[in-house]
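Chemist: what shape does this take:
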Amino acid sequence: RGRHSVRLGSEYRRFLNHNFAEGTGTFNFPTVSAFLDGTANSFGITLNERHSHVDQHAVAFFAHDAFTIRSNLTVEVGLRYQWHVTPTERDDRFIVFDPVSASLLRVGTDIERVYRQNNRNFQPRGGVAWDLSGDGRTVLRAAYRWAVDEPGTTAVRDTAANPPYAMPVSAVGSIPLSNAITLANAAGLAPVTIDPGFRNSSVQSWNVNIQRLVARDFATLVGYFASRGKDLRISRNLNQPVNGVRPFQALSPGSPILPGTPLGNITQVESSGFSTYHALWVSATKRLSRGVQFDA
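Modeler: A predicted model of the protein is given here:
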């Protein structure tokens with residue numbers, strides 16, 4: 001409409017993920033000689049068959065306007081909203097570890113959700129393109145965007161492999177192949193869980209660059225490009241020994257599931273990662289002429 005070019009849209013997605021697996025176990029060998037000797041330094045396995053039916057929804061809306069202020073100046077602004085609905089399991093098979101009570105809790109019975117709702121994902125974006133010389137030979141561009149990632153169902157999938165449906169166990173130390181399962185059972189339960197405050201990963205990215213057409217078929221560009229990620233997904237062992245002592249020795253006597261059971265590693269999916277990136281980008285491009293072209 002006039003000098004405005006407006007786009008509006010929405011999107012709805014539904015993921016249905018049926019998982020089924022049986023564990024064969026994982027050994028870690030510190031050296032080749034330890035491998036040849038059949039003695040690992042860690043071992044983990046999930047006993048019994050495990051399966052889940054994960055249901056996850058997502059909805060999004062966006063608006064975008066490209067506004068031509070003058071023939072040599074265009075500004076773009078936009079906003080996207082996304083709600084990544086917390087996933088559910090058809091038969092309430094999600095079992096999580098609660099560090100406050102040192103208990104295994106069943107989602108849908110003991111707690112309401114496997115993690116918090118992520119329904120405040122507002123993502124602005126904007127950009128400008130400015131022909132500084134007015135003849136199309138020198139152009140300044142700048143842009144900014146905030147983008148949110150939709151977590152995959154793998155973030156919660158393995159919580160259905162906890163007791164009472166399956167038995168993940170692990171052991172560290174000197175683990176002979178001949179009795180690895182016995183040692184893992186004795187070392188304790190190794191549940192997989194997710195942080196109840198889990199957030200969607202996001203990244204902010206921005207750049208400023210200037211491009212100059214030096215000759216008819218030769219152009220140069222100099223630009224600054226950067227990004228900052230937050231709430232990035234990582235997996236962390238909540239029960240890593242500190243001075244040789246694990247923070248959680250066993251499930252509490254009040255745990256609804258397997259009270260008092262010794263605990264080994266506790267793998268938690270969480271959103272505590274972050275990243276930063278800054279770069280200077282200088283390039284020269286020659287389009288094909290007289291049989292020669294290059295990018296540098």
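Chemist: please enumerate the helices of the stretch 151-296 of the chain.
Modeler: Counting by DSSP state H, counting those that start in this stretch, the stretch 151-296 of the chain has helices at residues 154-157, 180-187.
Chemist: ok, Arg287 to Ala215 distance?
Modeler: Arg287 sits 10 Å away from Ala215, going by C-beta to C-beta, to the nearest Å. Where C-beta positions appear, they are placed from N, C-alpha and C, glycine not excepted.
Chemist: buried residues, the helix or strand of the chain at the bottom of the mean pLDDT ranking. List them.
Modeler: In the chain, no helix or strand scores lower on mean pLDDT, DSSP states H and E than helix 180-187, which sits at a mean of 84. Neighbour counts using 16 or more other C-beta atoms under 10 Å place 180, 183-185, 187 of helix 180-187 among the buried residues.
Chemist: restrict it to CA atoms and write it as PDB.
Modeler: Extracted C-alpha coordinates of helix 180-187, given in PDB (Å, rounded to 0.1, in the frame of the first residue of the first chain):
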ATOM      1  CA  ALA A 180      29.400 -54.300  34.200                       C
ATOM      2  CA  ILE A 181      25.600 -54.500  34.800                       C
ATOM      3  CA  THR A 182      26.100 -55.800  38.300                       C
ATOM      4  CA  LEU A 183      28.400 -52.900  39.100                       C
ATOM      5  CA  ALA A 184      26.000 -50.400  37.500                       C
ATOM      6  CA  ASN A 185      23.100 -51.700  39.500                       C
ATOM      7  CA  ALA A 186      25.100 -51.500  42.700                       C
ATOM      8  CA  ALA A 187      26.300 -47.900  41.900                       C
END
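Chemist: can you list contacts of it?
Modeler: 25, 27, 40, 43-45, 47, 169-173, 175, 190, 262, 264 (C-beta atoms under 8 Å, 6 or more residues apart in numbering).
Chemist: what about burial for those, which qualify?
Modeler: 25, 27, 40, 43-45, 47, 169-172, 175, 190, 262, 264.
Chemist: so Leu140 touches Gly127, yeah?
Modeler: No: using C-beta atoms under 8 Å, Leu140 is not in contact with Gly127, being 11.2 Å away.
Chemist: which SSE is the closest residue to Phe20 other than its chain neighbours in?
Modeler: Excluding the flanking residues, the one nearest Phe20 by C-beta to C-beta, 6 or more residues apart in numbering is His51, at 3.9 Å. Following DSSP states H and E, one finds His51 within strand 50-70.
Chemist: that strand - contacts with which helices or strands?
Modeler: Here strand 50-70 touches strand 4-21, strand 73-84, strand 88-89, helix 154-157, going by 3 or more C-beta pairs under 8 Å, 6 or more residues apart in numbering; DSSP states H and E.
Chemist: what is the first one packed up against?
Modeler: Yep, that's strand 4-21 we're talking about. Partner elements for strand 4-21 (3+ C-beta pairs under 8 Å, 6+ apart): strand 50-70.
Chemist: name every strand pairing with the strand it packs on and say which way it goes.
Modeler: Within its sheet, strand 50-70 is paired with strand 4-21 (antiparallel), strand 73-84 (antiparallel), strand 88-89 (antiparallel), according to DSSP bridges.
Chemist: could you list the buried residues of that strand?
Modeler: So, applying 16+ other C-beta under 10 Å, buried residues of strand 50-70: 50, 52, 54, 56, 58, 60, 62, 64-66.
Chemist: which among the residues you listed gets closest to Pro164?
Modeler: The closest of the buried residues of strand 50-70 to Pro164 turns out to be Arg50 (C-beta to C-beta; 11.3 Å).
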